[in-house]
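Participant: Dropping a prediction and its sequence here:
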Amino acid sequence: MKRRQFLFASCGLVVATIVRGQGLTPTDLLERGEIPSYPPIAIAAGINGIVEARIKVDRGQITEVDIVSGHRLLGSAVQRVLRTWRFHPEVTTADHRIKFMFELMDEEVVMRENPLIELRLPNSVRIRTNRVKAVTLDTNGNAL
């Protein structure tokens, strides 16, 4: 868990540099939280799409998370990860709408890979991953 948060904080530094060029202030940025992930069951089921979430922030803490639209399975993952996020404490009160775009790429892989995650905060998050190919294994665990 700490490793994921550390990685997310590192991503935040990159995002901060990009976002400053877009006219946003550091108080619009996320300070810490878990990295969003693509639920493995959604990958296996071929589920992709957009989840829109509305959050309320008070003194940097997310106090309310509502899933406005999107697939229920992806929405549950978004809600879980948003509850771990913390914004800059100077964000006294704010309402944000964040779109999480879950995309399955065309390439099929045998082993699950880390997804590509693009943070475009405070407006959107894009999560892309490859489909996992179904593989039949013999009794020794070798692919047939």
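Facilitator: Okay, I see it.
Participant: How are the strands of the protein distributed by residue range?
Facilitator: Taking DSSP state E, the strands of the chain run over residues 30-32, 49-58, 61-69, 86-87, 93-109, 116-120, 124-132.
Participant: and residue 79, which of the ones you listed is closest to it?
Facilitator: Among the strands of the chain, the nearest to residue 79 by Cβ to Cβ is strand 61-69 (5.3 Å). Heads up, the C-betas are built off the backbone N, CA and C, glycines and all.
Participant: Now the closest one: buried residues?
Facilitator: Neighbour counts over strand 61-69 (16 or more other Cβ atoms under 10 Å) mark 62, 65, 67 as buried.
Participant: Tell me the one of the residues you listed nearest residue 105?
Facilitator: residue 67 (24.2 Å).
Participant: pretty sure the closest one is touching residue 51, no?
Facilitator: Yes. The criterion here is Cβ atoms under 8 Å, and residue 67 meets it with residue 51 at 6.4 Å.
Participant: Sounds good, over and out.
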